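Asker: following is a predicted model, sequence given first.
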Amino acid sequence: MIDLTSIPEEELGQTQKEIRRHVIERGWKALIPYKGSAHYFLTRADGKELHIFSSTPPTTSYAAASLANDKFATYELLLGSVTPQLETVKVGETGDLQYANELLSRVGKVVAKPIDGGHGHGITVGITNEQELAEAVEIAKDHTKNVRAALIQQHYNHDVIYDLRILCIDYQYAAGIQRVAARVFGDDVHTVKELIDLENQKEDRGKAYHTRLATIDTRLAMSYLKEKANTVPAKEEEVQVIGVANYGAGGETVDVTDNIPDWLIECAIDVAKRCGLAVAGVDFMLAKFPEKHMTREDLDPAMTEVNKAPLLTMHDTPTSGISRHVMSRYMDYLASLT
């Protein structure tokens, strides 16, 4: 086991740096099995020992963690709750596409994703025909972790989509952040592909979860853009280059903690409680940029998934907006456990 405080700060990722800092400030001890591990064996100043995995606290049961990993199980659990969801069907190992094709026929456009994936990997958006669907299912299955199955979900039917993460700690609202898909801005000279390359050369982009902004995943970008990658956008024209809003794929984060309506906060807290996740990141798609006064009809929200180990540092160092000091709040929660 390695003493986390003995590892030079420059060798640590964002989360490890913050845990290391707080452990030192509080007079705690922290051991990890090896460099880069997300398992932390903490000993508080009062001698209480705690084992956490990333931001998953010891109060999260194995069953609750497993449920959060299974997006279809979570979907079924939340049916009939106050939280709106998009219609979803599962395609298992046998590859039976009957119900998926029926959903596509009924709604016109769908999204395919791994049943237990993460970080935006294996997701295909904007599927409009059965051939695309069959191909997207195989892509999704190739990115699964434990169960080789895909989810087919009704496409969110709005031209502009706002991706929202609501963070709950101890079943209470902690912060809200809008995640913006990776994008570039035209200069009337370079192609979109060239603009991506130029963007990735900037100093604040680098290894995901180690730098302020992650390098834009060019493979995902080329798959999403197709022929558009070789077009030359006009000066200052914004071009989304990846289909999912994910920091790890090069996206940006905008703090919206003070913008979230109370009724939507209540939905997120309800999800966390039903799933048994004292620390949870609840993801929604919205039709508009959120404002405190907005109604359900204004935002037309749809919950997409719940995360058992949400990234806390993006709330403390958003691309735009102020720090919400959620890592400190998380450590306060760990300090309160008996």
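Answerer: Nice, thanks for sending it over. Residues are numbered from 1 along each chain as shown.
Asker: export stretch 202-214 as PDB, just CAs?
Answerer: The C-alpha trace of stretch 202-214 is given here as PDB (Å, rounded to 0.1, in the frame of the first residue of the first chain):
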ATOM      1  CA  LYS A 202      -3.800  24.400 -26.600                       C
ATOM      2  CA  GLU A 203      -2.000  24.300 -23.200                       C
ATOM      3  CA  ASP A 204      -5.100  23.800 -21.100                       C
ATOM      4  CA  ARG A 205      -6.000  20.600 -23.000                       C
ATOM      5  CA  GLY A 206      -4.500  17.300 -22.200                       C
ATOM      6  CA  LYS A 207      -5.100  13.900 -20.500                       C
ATOM      7  CA  ALA A 208      -8.700  13.600 -19.300                       C
ATOM      8  CA  TYR A 209      -9.100  14.000 -15.500                       C
ATOM      9  CA  HIS A 210      -5.600  15.500 -15.200                       C
ATOM     10  CA  THR A 211      -6.000  18.900 -17.000                       C
ATOM     11  CA  ARG A 212      -8.600  21.700 -17.100                       C
ATOM     12  CA  LEU A 213      -9.900  20.500 -20.400                       C
ATOM     13  CA  ALA A 214      -9.500  17.000 -22.000                       C
END
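Asker: how about the nearest residue to Arg324, chain neighbours excluded?
Answerer: Distance criterion Cβ to Cβ, 6 or more residues apart in numbering; nearest residue to Arg324, sequence neighbours excluded, is Ala175 at 4.2 Å. Glycine gets a C-beta too; all of them are placed from N, C-alpha and C.
Asker: give the contact list for that neighbour.
Answerer: 166-167, 255, 257, 315, 324, 326 (Cβ atoms under 8 Å, 6 or more residues apart in numbering).
Asker: ok, now with 7 Å
Answerer: 167, 257, 315, 324, 326 (Cβ atoms under 7 Å, 6 or more residues apart in numbering).
Asker: ok, it to Tyr99 distance?
Answerer: Going from Ala175 to Tyr99 by Cβ to Cβ, to the nearest Å gives 37 Å.
Asker: could you do Asp70 as well?
Answerer: Distance, Asp70 to Tyr99, by Cβ to Cβ: 18 Å.
Asker: so the two - more neighbours on which side?
Answerer: Asp70 (18 against 12; other Cβ atoms under 10 Å).
Asker: please report how far the nearest residue to Leu286 once chain neighbours are set aside lies from Leu195.
Answerer: Excluding the flanking residues, the one nearest Leu286 by Cβ to Cβ, 6+ apart is Tyr162, at 4.2 Å. For Tyr162, the distance to Leu195 (Cβ to Cβ) stands at 23 Å.
Asker: poorly predicted segments of this structure, please.
Answerer: Scanning the chain for pLDDT under 70 picks out 94-95.
Asker: can you list the domains in it?
Answerer: Per automatic domain parsing, the structural domains of the chain span 2-53, 87-155.
Asker: so how far is the first residue of the longest one from its last?
Answerer: In this case it means domain 87-155. Taking Cα to Cα, to the nearest Å as the measure, domain 87-155 stretches 9 Å from start to finish.
Asker: kindly report the same for the shortest one.
Answerer: In domain 2-53, first residue to last residue: 16 Å (Cα to Cα).
Asker: surely Thr257 meets Arg324?
Answerer: Yes. Look at Thr257 against Arg324 with Cβ atoms under 7 Å: they come within range, at 5.6 Å.
Asker: follow-up on the earlier one: who wins for proximity to Thr60 among the domains of the chain?
Answerer: domain 2-53 (8.5 Å; Cβ to Cβ).
Asker: what's the spacing between the closest one and its chain's center?
Answerer: Centre-to-centre, domain 2-53 and its host chain are 23 Å apart (Cα atoms, centre = their mean, to the nearest Å).
Asker: so which residues of the chain form helices?
Answerer: With DSSP state H as the criterion, the chain has helices at 14-26, 62-69, 71-78, 98-107, 130-141, 192-200, 218-225, 262-275, 296-299, 313-316, 326-336.
Asker: buried deepest among those helices, which one?
Answerer: When you average the neighbours per residue for each of these (mean count of other Cβ atoms under 10 Å), helix 313-316 leads with a mean of 23.
Asker: residues in contact with it?
Answerer: Applying Cβ under 7 Å, 6+ apart, the set of residues contacting helix 313-316 is 14-15, 18, 167, 175, 177, 247, 253, 323-327.
Asker: let's see that with 8 Å instead.
Answerer: 14-15, 18, 167, 174-175, 177, 209, 247, 253, 255, 257, 323-327.
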